[in-house]
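K.L.:
Here's my sequence, what's the structure:
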Amino acid sequence: MFGFIFYKTSIMKFFTYLAVTALWGLSSLALSAQWTNADLNFLTDNTMDKYVSQQAMVLDEAGQIHLIYQQDNNDLFELWYLRRSAEGKWDAPVQINQQDDSVIDAQIGVWGTDSIFVSYLKKINDLNTLFVRLITPNSEEEFQLTNGEEEVHAPHMSIGEGGVAHFTWVGLNDDEKYKVYYTSTAYWYNELQYAPQVEEMLFSNVGAPELTRPKVAANSKGQPLVAYAGPAGQTNYKIQYIVKQEDNQWYYSPIAQSPNQSDTDLLLKVVEDQVHLVYAGNDGSNNMRVVYTKKPFEGDNNSWDSQVVIADAPDLNPQSLFLDRDGKVHIALIDEDESFLYISNMTGAWISDAVLGGYPIKRTNVVLDHDGNGFLLAEHQTSASEQIILWGPDQVELSGFASLDLVGKLFPNPTNSQFNIQMEEGIKQVEVYSLNGRQVYQANFNHINNLQIDGQDWAKTYYIVKVITEENVYTTKVLLH
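P.N.:
I've put the predicted structure just below:
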């Protein structure tokens, strides 16, 4: 039913108990190096609710970070894009959907350093329809991938060799049965193909779309694979694995070695033709067991490595899977209390870390830049609304100005709301900026030496304070908590 019609138009608390114990050789050593210089920063601070997907932040080959978030503006869901350079400087946020378009389920991918892919759903004929937007330095184009005649559920995108974007989702077929579907942007590079080829996974009999949540990836030859949680027996689900071989036929197999009674969710990556799989499932005793395994792309179903249980606790939810330049695996999880759990094998053994302390979060992404610094993007509920937080290195470039700490004082710091500035040079002007560059305060003075600023209405995060005198400009940071 998904046809080939094409339309073109011109973005912790750690477990209160240690859930990750010595299961399958798991260690409880603390990770710290990638979070040594991390600060908690609010990227947004207005009263509109914000959302991120499980694929809202990516790292490109030059070390730049690209991220997207969505904003609920009176039931119109906006899509915003941010970029951090490899030197640590952030561009201003840019809205990338049309002003009157409401989009959901947005995901981001990158090829090279300047081809940005953003997929999302928006309504056509009152049905969620799959689109992808390609953003390059010289152009920005939107492509419609499904025909707007059937609802798209649980979409997922990944970027493969040659800058081909691969997509999978769940939809109803002509027999009114839910199936897994696949398409790609390979037609962009094929002069004989003017529209996306949508393929139905014929044997992918699935239940409710929210239980299936397929994922897609591709190898260096451009061969796609799709994995999803599919029915196995009367009540259980198991991870199903479908690979498109060089004969263009899809081959199906379950992950037969799963130690779970029933599998529910998964994360999937292919790096250097190695398939990396994280999946969660019920262990039969009301706990969720999270498992990691891998295999060569060309290997058969018997070539999976050991199924390593990396976490076992109530209501665990895998959120993000990232592989660094050394091939080490980094996994983000959220538990039943919306607490964050970070797990990695970067030291050789599987180890865990309580990165965010007591901050409850929803939906999170993890990447490490080329210097080994960790970044964590997530939703956080404030007293007013859901906001986007980023846990990572100092987000603002302060070079070019002298440090206020060398010639004056800002106190108390941290503070709940008010803080004082004292210095011998007469102060002409003070400006305060949020870490995403938004000015929250500005005032002129008549060469005074002492002043007090009240930030009681500001979001609880770090701010950059710029003090201007007759001769110099000074900066420092203040934390409201």
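K.L.:
Would you mind measuring from the spatially closest residue to residue 201 that is not a sequence neighbour to residue 193?
P.N.:
In this structure, residue 201 finds its nearest non-sequential neighbour in residue 180, 4.2 Å apart by Cβ to Cβ, 6 or more residues apart in numbering. Using the backbone N, CA and C atoms, a C-beta is placed for each residue, glycine as well. In this structure, residue 180 and residue 193 are 22 Å apart, going by Cβ to Cβ, to the nearest Å.
K.L.:
same thing with residue 314?
P.N.:
In this view, residue 314 and residue 193 are 48 Å apart by Cβ to Cβ.
K.L.:
now do residue 281
P.N.:
Taking Cβ to Cβ as the criterion, residue 281 is separated from residue 193 by 39 Å.
K.L.:
So for those two, which residue has more residues nearby?
P.N.:
It is residue 281, of residue 281 and residue 193, that has more neighbours when counted by other Cβ atoms under 10 Å, with 25 against 13.
K.L.:
Burial check on residue 323, number of neighbours?
P.N.:
Number of residues near residue 323 (other Cβ under 10 Å) recorded here: 17.
K.L.:
do the same with the one 5 residues further on
P.N.:
Each residue near residue 328 was counted by other Cβ under 10 Å, and the total is 14.
K.L.:
so who does it touch?
P.N.:
When the contact criterion is Cβ atoms under 8 Å, 6 or more residues apart in numbering, the partners of residue 328 are 344, 345, 346.
K.L.:
In a markdown table: those, plus pLDDT, distance to residue 327 and secondary structure.
P.N.:
Conversion of the contacts of residue 328 to a markdown table gives the following (pLDDT from 0 to 100; distance: Cβ to Cβ, whole Å; DSSP: H, G, I helix; E, B strand; the rest coil):
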| residue | pLDDT | distance to residue 327 | secondary structure |
| --- | --- | --- | --- |
| 344 | 91 | 12 | strand |
| 345 | 91 | 10 | coil |
| 346 | 85 | 10 | coil |
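K.L.:
which one among those gets closest to residue 274?
P.N.:
Nearest to residue 274 among the contacts of residue 328, counting by Cβ to Cβ, is residue 345 at 13.5 Å.
K.L.:
Let me know the next secondary structure element after the helix-or-strand element of the chain with minimal mean pLDDT.
P.N.:
Counting by mean pLDDT, DSSP states H and E, the chain has its least confident helix or strand at strand 7-9, which shows a mean of 28. For strand 7-9, the following helix or strand on the C-terminal side (DSSP states H and E) is strand 38-42.
K.L.:
who does the helix or strand following that following strand pair up with?
P.N.:
Tracing the chain past strand 38-42, the next element assigned as helix or strand by DSSP H and E is strand 50-51. Each strand that pairs with strand 50-51, with its direction, by DSSP bridges: strand 65-73 (antiparallel).
K.L.:
Need the CA coordinates for the strand it pairs with. CSV is fine.
P.N.:
Only the C-alpha atoms of strand 65-73 are listed here, as CSV (Å, rounded to 0.1, in the frame of the first residue of the first chain):
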residue,chain,number,x,y,z
ILE,A,65,28.4,17.7,16.9
HIS,A,66,25.0,18.2,15.2
LEU,A,67,21.8,18.0,17.2
ILE,A,68,18.1,18.7,16.8
TYR,A,69,15.2,19.2,19.2
GLN,A,70,11.5,19.8,18.9
GLN,A,71,9.4,22.5,20.5
ASP,A,72,5.7,22.5,21.2
ASN,A,73,4.4,26.0,20.1
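K.L.:
Show me what it is in contact with.
P.N.:
By Cβ under 8 Å, 6+ apart, the list of residues contacting strand 65-73 from outside reads 11, 43-44, 48-53, 56-60, 77-84, 96, 103-104, 106-108, 110, 116, 118, 365, 367, 369, 375, 377, 388, 390.
K.L.:
Which of the residues you listed are buried? Put it as a PyMOL command.
P.N.:
Below is the selection syntax for PyMOL that covers the buried ones among the contacts of strand 65-73, with 16 or more other Cβ atoms under 10 Å defining burial:
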select buried, resi 11+43+44+49+50+51+52+53+56+57+58+59+60+77+78+79+80+81+82+83+84+96+103+106+107+108+110+116+118+365+367+369+375+377+388+390
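K.L.:
mind listing which of the contacts of strand 65-73 are in strands?
P.N.:
Secondary structure assignment by DSSP state E places 50-51, 57-59, 77-84, 103-104, 106-108, 110, 116, 118, 365, 367, 375, 377, 388, 390 of the contacts of strand 65-73 in strands.
K.L.:
Low-confidence regions, the stretch 251-400 of the chain specifically.
P.N.:
256, 354-359, 383, 394-400 (pLDDT under 70).
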